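Q: give me coordinates for this.
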Amino acid sequence: MKPLPFLNPAAGSPAVRNPGRPAVVVPTQAAAAEELTAECAAAAATEIVDAIEWRIDPLLAAAPGSVLTRIEAALRLLPRALTAGLPILLTVRTGFEGGHVEITEGDYAEAVRALIGGAGASGAPVAVDLEIDRAESRSLIASAQEAGVPVVASHHNFEATDSAERLLATFAAMIEAGADVAKVAMMPQTPADVLRLLEATATADASSPVSVLGISMGPLGRTSRIMGADFGSCATFAQIGQGSAPGQIDAVVLAEILDRVTG
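A: Numbers count the residues shown, from 1 in each chain. Model (predicted):
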């Protein structure tokens, strides 16, 4: 397991103190300043969270105006999230991959470019999620590299689990494109699906120069969220309050398990 690359060493989070422990990432879907501040502060107060994923797509779906106008409004809230002292992963999850906003390829690219610019200007540990299947994913990764912004390339399947060949091809495409983290999240229908996801994650990690992250969602996939680091996953997503994907475990409960199994 390679570490999540945008952790903040100064914050002294659990994954920084214990390199054998995967990072715990907690999502927030807050769309208002006070809510965002409170949820990020609550995550930091647990002292078991390593990073926060701010899912911006609910804000984009609800707010009026152009995509760029809405992204700029979100970026004005970014300092509120950063006051908690934890790294922030900025994510626009599209309807293509189970998110809250239906968006054209052109608008998605415009939104992510704006996020990259805002993240780079923040001077803080801020990363950007990028769906690898979007039309301009490679040029967007190149833009992030130029700005010094870490990229979590992602691919989600909320219906089933991809074949082993496709999983490995997806990891390889993300790595070849220059992502800092290669992430896949699948919905299992059988225990064998979970095993296939974990095996592909381990294979990718063994040959990858960058961090990988494999998630099997829903109740069947809980093994991947608890023991994923044994198969190369650099992080696990957990919830405080509302989760962002099926099967996320309460962050405090998950952290206690991780601390026990990783010493």
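Q: work out for me the element the closest residue to Ala251 other than its chain neighbours sits within.
A: Among residues not flanking Ala251 along the chain, Ala238 sits closest, at 3.8 Å (CB to CB, 6 or more residues apart in numbering). In short, each C-beta sits where N, CA and C put it, glycine included. For Ala238, the element it lies in under DSSP states H and E is strand 235-239.
Q: how far off centre is that strand?
A: Distance of strand 235-239 from the chain centroid (CA atoms, centre = their mean, to the nearest Å) equals 9 Å.
Q: strands paired with it, and their directions?
A: Strand 235-239 has its sheet partners listed here by DSSP bridges as strand 23-28 (parallel), strand 249-250 (parallel).
Q: give me the mean pLDDT for the last one.
A: Confidence over strand 249-250, taken as the mean pLDDT, stands at 90.
Q: what of stretch 28-45?
A: Averaged across stretch 28-45, pLDDT comes to 93.
Q: next, the buried residues of it.
A: Buried residues in stretch 28-45, counted by 16 or more other CB atoms under 10 Å: 28-31, 36-37, 39-40, 42-44.
Q: any weak-confidence spans in the stretch 1-150 of the chain?
A: 11 (pLDDT under 70).
Q: same thing but at 80, please
A: By pLDDT under 80, the low-scoring segments of the stretch 1-150 of the chain are 10-12, 63.
Q: need the strands for it, in chain order.
A: With strands called from DSSP state E, counting those that start in this stretch, the stretch 1-150 of the chain shows them at 23-28, 51-55, 88-91, 126-131.
Q: centre of the chain to the helix or strand Val212 falls within, how far?
A: For Val212, the host element (DSSP H and E) is strand 211-216. Relative to its chain's centre, strand 211-216 lies at 10 Å (CA atoms, centre = their mean).
Q: I would like the residues contacting the next helix or strand after it, please.
A: Counting by DSSP H and E, the next helix or strand C-terminal to strand 211-216 is helix 222-227. Helix 222-227 is contacted from outside by 194, 197-198, 201, 214-216, 231, 233, 236-238, 247-249, 254, 257-258, 261, using CB atoms under 8 Å, 6 or more residues apart in numbering.
Q: same thing but 7 Å
A: Contact with helix 222-227 is made by 194, 197-198, 214-216, 236, 247, 249, 254, 257, as judged by CB atoms under 7 Å, 6 or more residues apart in numbering.
Q: can you redo those residues as CSV with neighbour count?
A: Formatted as CSV, those follow (neighbours: other CB atoms under 10 Å):
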residue, neighbour count
Val194, 22
Leu197, 29
Leu198, 21
Gly214, 27
Ile215, 24
Ser216, 26
Thr236, 25
Gly247, 20
Ile249, 18
Leu254, 22
Ile257, 13
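Q: right, and Ala174 touches Asp133 too?
A: Careful, residue 174 is Met and not Ala. No. The criterion here is CB atoms under 7 Å, and Met174 misses it with Asp133 at 10.3 Å.
Q: where exactly do the helices run in the stretch 51-200 of the chain?
A: For the stretch 51-200 of the chain, the helices defined by DSSP state H, counting those that start in this stretch occupy 57-62, 67-82, 105-122, 137-147, 164-177, 191-207.
Q: which other helices and strands does the third one contact?
A: Okay, so that is helix 105-122. Other helices and strands packing on helix 105-122, by 3 or more CB pairs under 7 Å, 6 or more residues apart in numbering; DSSP states H and E, are helix 67-82, strand 126-131, helix 137-147.
Q: sorry, back to before: okay, the strands paired with strand 235-239, which one's buried deepest?
A: The highest mean neighbour count among the strands paired with strand 235-239, using mean count of other CB atoms under 10 Å, belongs to strand 23-28: a mean of 26.
Q: how far is that strand from where the chain is centred?
A: Mean-position distance between strand 23-28 and its chain equals 8 Å (CA atoms, centre = their mean).
Q: need the contact partners of it.
A: 4, 7, 15, 36, 39-40, 43, 48-55, 89, 234-240, 243-244, 251, 254-255.
Q: which among the residues you listed end up buried?
A: By 16+ other CB under 10 Å, the contacts of strand 23-28 give 4, 7, 15, 36, 39-40, 43, 48-55, 89, 234-240, 243-244, 251, 254-255 as buried.
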